[in-house]
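Student: Here is a sequence together with a model predicted from it:
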Amino acid sequence: MNLADLHLPYALPTVLLLAGLAAKFPTFLRSWRDPDARGTWVVLLWALCVFVSVTPATIHRINTVTGVPNIAAPWSYSLLTGFSGACLAMIITWREEPSPRRRRRVRAVWLIHAGTITALWVTFLLADVPEERIYDLDTYYATTPWMREHILLYLLEFLISTLVAASMIRSWIPQVSARWLKTGLRFLQTGYAFGVLYALAKLTAMGARWAGTDWDGLSTHAAPPCAILGATLMAIGFLLPVIGPFLQKWPREQLAHWRLRPLARVIDDVVPATARARVSRFAPLDLRLLQRRQHIHDGLLRLAPHFDHDLHRRAYRAASATHDDASARGLAGAVAIQAALDSYSSGTRRETSGQPAHIGSGVTDHLEAISRSLTRPRVLADIRVRALTPEPSAPEPSAPESSVTGPLGTGPSAPESSVTGPLGPGPSGGRPLGTAGRRAPGPHSCHHPPAGGRTESMNTDD
């Protein structure tokens, strides 16, 4: 059988552990003195060493490089024993509050497992195992003096640690309310269940050898998948409480940090980047996002004397006609901030009468939408033009033109001094003068007698 055939099943847990270690490495470095962070780091690192060491190819390589047949057995069993102790200590650390009692229990766990590891190496050195066995070491040497004790020691220690840890988790889960921790504990509990199956399969195969029966398939075919699946679930269980909250908020914070970049760049004209506190590009994302938001708010404080709230309202009305509310608020804020930046650059201030002294929540609550809008210069230009265009006022009704309507139609309007009387318009209340100082006869003088029914003769003398 090719040794590489059984190498791939170990790849998934190894990749998961590497991803978890890489994601939390900066956090581990900053919080190394925190027992929880330190314990998690030890567990994940130890699990990674186990998965790398127990692959058939690695076992053969260790035996070949050292020149000692089967020396990979105590090496792998020691790592597995140490991993069991680290998991148990991690569960105690998570479950109990910091106290002298907790420190004593964790110390006792490490001492017991350290003693077991020492005993593993002693029994291996006393055993005679000249033939290399990679897949069936447990059953092949099940009756060999000292190697029998060596195998039993690691299996019993692993089984007892697994049962104790599973029992602690079972009684702890009902008390946990944190979602990520509770989910991680359920993965751990399932992983420990597969660990119990692994140990029982190995012990059953060895018992069959002692009874003269060949049940080696339990050790060589049934137990390894249980070990791989159980260790994978355990690794996920320890990763989730640590990585889960990080993975939950990281995409949201990364997106917000990226979206605020255009606005932060234009604010640099008001608050130069050199005025900001120096934060490393490798600093935590939440710290870099907090600094970017603070930088923008500092810039808005400086722009407040130049911010035109009336323009902001008009731009919002103009944008609302063609965009949804969120986009309209972003576009209106971007238009007003651009105008404030222009005012700031030219050194002019807006008219403050009747306007707020500070930039309100209508802008500060929509910074991401404003920042996205700054990447749409054509749309902003259109909104700004529409906002600055005066709104048409309703036309006022005009007075009818004063005109003279004669038998031939409408004539030119009379002069301002004309007075309209019962006999028609004329200068100073009379009709136009004819030749020789006589009044010209009006169009109605001979056809409309005055009230009373009789016709009066008109004096033609002035």
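Tutor: Noted; the coordinates are in hand. Residues are numbered from 1 along each chain as shown.
Student: all contacts plus neighbour counts: C-alpha atoms, from now on.
Tutor: OK.
Student: The residue positioned nearest the centre of the chain is in what secondary structure piece?
Tutor: For the chain, Arg252 is the residue whose C-alpha lies nearest the centre (CA atoms, centre = their mean; 0.5 Å). Element membership of Arg252, judged by DSSP states H and E, is helix 223-259.
Student: Can you name the next helix or strand after that helix?
Tutor: helix 261-267.
Student: that older thread, quick one: mean pLDDT over the helix holding Arg252.
Tutor: Helix 223-259 carries an average pLDDT of 86.
Student: From the contact counts, what lies against it?
Tutor: Under the contact definition 3 or more CA pairs under 8 Å, 6 or more residues apart in numbering; DSSP states H and E, helix 223-259 sits against helix 11-30, helix 35-53, helix 179-210, helix 285-303, helix 367-373.
Student: In which helix or strand does the residue lying closest to Phe307 once chain neighbours are set aside reside?
Tutor: Ranked by CA to CA, 6 or more residues apart in numbering and with sequence neighbours excluded, the top spatial neighbour of Phe307 is Ala340, at 4.9 Å. Assigned by DSSP H and E, Ala340 falls within helix 325-346.
Student: tell me the pLDDT at the residue nearest to Phe307?
Tutor: 90.
Student: Return the distance of it relative to Leu300.
Tutor: Here Ala340 is placed at a distance of 9 Å from Leu300 (CA to CA, to the nearest Å).
Student: Can you list the neighbours in contact with stretch 379-386?
Tutor: Residues from elsewhere that reach stretch 379-386 (CA atoms under 8 Å, 6 or more residues apart in numbering): 315, 318-319, 331-332, 334-335, 373-374.
Student: Poorly predicted segments of the stretch 251-400 of the chain, please.
Tutor: Counting by pLDDT under 70, the ranges of the stretch 251-400 of the chain that qualify are 272-282, 349-355, 391-400.
Student: again, only using 90
Tutor: 251, 253, 266-289, 291, 295, 301-310, 321-322, 342-364, 383-384, 386-400 (pLDDT under 90).
Student: how many neighbours does Val122 have?
Tutor: Using other CA atoms under 10 Å, Val122 has 14 neighbouring residues.
Student: swap in Thr213?
Tutor: 11.
Student: List phi and psi for it.
Tutor: Main-chain dihedrals, Thr213, degrees, to the nearest 10: phi -110, psi 150.
Student: what separates it from Tyr135, distance-wise?
Tutor: For Thr213, the distance to Tyr135 - CA to CA - is 18 Å.
Student: which outside residues touch stretch 169-186?
Tutor: 91, 95, 189, 236-241, 244-245.
Student: How far does that stretch stretch from one end to the other?
Tutor: Using CA to CA, first and last residues of stretch 169-186 are 8 Å apart.
Student: Give me the distance from that stretch to the chain's centre.
Tutor: 25 Å (CA atoms, centre = their mean, to the nearest Å).
Student: in that stretch, what's buried?
Tutor: 169, 173, 180-186 (16 or more other CA atoms under 10 Å).
Student: Looks like Thr14 contacts Val50 (just checking).
Tutor: No. Thr14 is beyond contact range of Val50, at 9.3 Å (criterion: CA atoms under 8 Å).
Student: Neighbour count for these two, which is higher?
Tutor: Val50 (22 against 19).
Student: unless I'm mixing things up, the more buried one is touching Gly82, no?
Tutor: No. At 9.3 Å, Val50 and Gly82 do not qualify as touching, with contact defined as CA under 8 Å.
Student: Return the set of buried residues in stretch 291-309.
Tutor: 291-293, 295-297, 299-309.
Student: Show me the contact partners of that stretch.
Tutor: 257, 260, 263-264, 267-268, 270-271, 276, 336-337, 339-341, 343-344, 348-350, 352, 355-359, 364.
Student: Now find how far off-centre it is within its chain.
Tutor: 24 Å.
Student: Use 43 as the first number from now on
Tutor: All right, first residue 43 from here; so that's stretch 333-351.
Student: Report the contact partners of the residue nearest to Phe349.
Tutor: Taking CA under 8 Å, 6+ apart, one finds 345-346, 348-350 in contact with Ala382.
Student: again, only this time at 10 Å
Tutor: When contacts are counted by CA atoms under 10 Å, 6 or more residues apart in numbering, Ala382 is found next to 342, 344-350, 376, 388, 390-392.
Student: and the gap between the nearest residue to Leu416 once chain neighbours are set aside and Arg335?
Tutor: Distances taken as CA to CA, 6+ apart place Ala376 nearest to Leu416, at 6.1 Å, with adjacent residues excluded. Distance of Ala376 to Arg335, computed by CA to CA: 16 Å.
Student: Now the two most distant members of the contacts of stretch 421-428.
Tutor: Ala360 and Leu416 (16.6 Å; CA to CA).
Student: returning to what we had before: could I have the ChimeraX command that selects the buried members from the contacts of stretch 333-351?
Tutor: Buried residues within those, by 16+ other CA under 10 Å, are selected in ChimeraX with:
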select :299,302,305,306,309,310,312,313,378,379,381,382,383,385,386,401
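Student: where's the helix or strand hosting Ser213 relative to the chain centroid, distance-wise?
Tutor: Assessed by DSSP H and E, Ser213 sits inside helix 189-214. Offset of helix 189-214 from its chain centre (CA atoms, centre = their mean): 41 Å.
Student: between it and helix 221-252, what angle do the directions make?
Tutor: Taking axes from the mean of the first three to the mean of the last three CA atoms, to 10 degrees, helix 189-214 and helix 221-252 form an angle of 150 degrees between their directions.
Student: So for helix 189-214, what gets flagged as buried?
Tutor: In helix 189-214, counting by 16+ other CA under 10 Å, buried: 189-197, 199-201, 203-205, 207-208, 210-211.
Student: ok, now which ones touch the nearest residue to Phe229 once chain neighbours are set aside?
Tutor: With CA to CA, 6+ apart as the criterion, Phe229 has its nearest non-adjacent residue at 4.8 Å, and that residue is Gly279. Taking CA under 10 Å, 6+ apart as the criterion, Gly279 is in contact with 222-233, 273.
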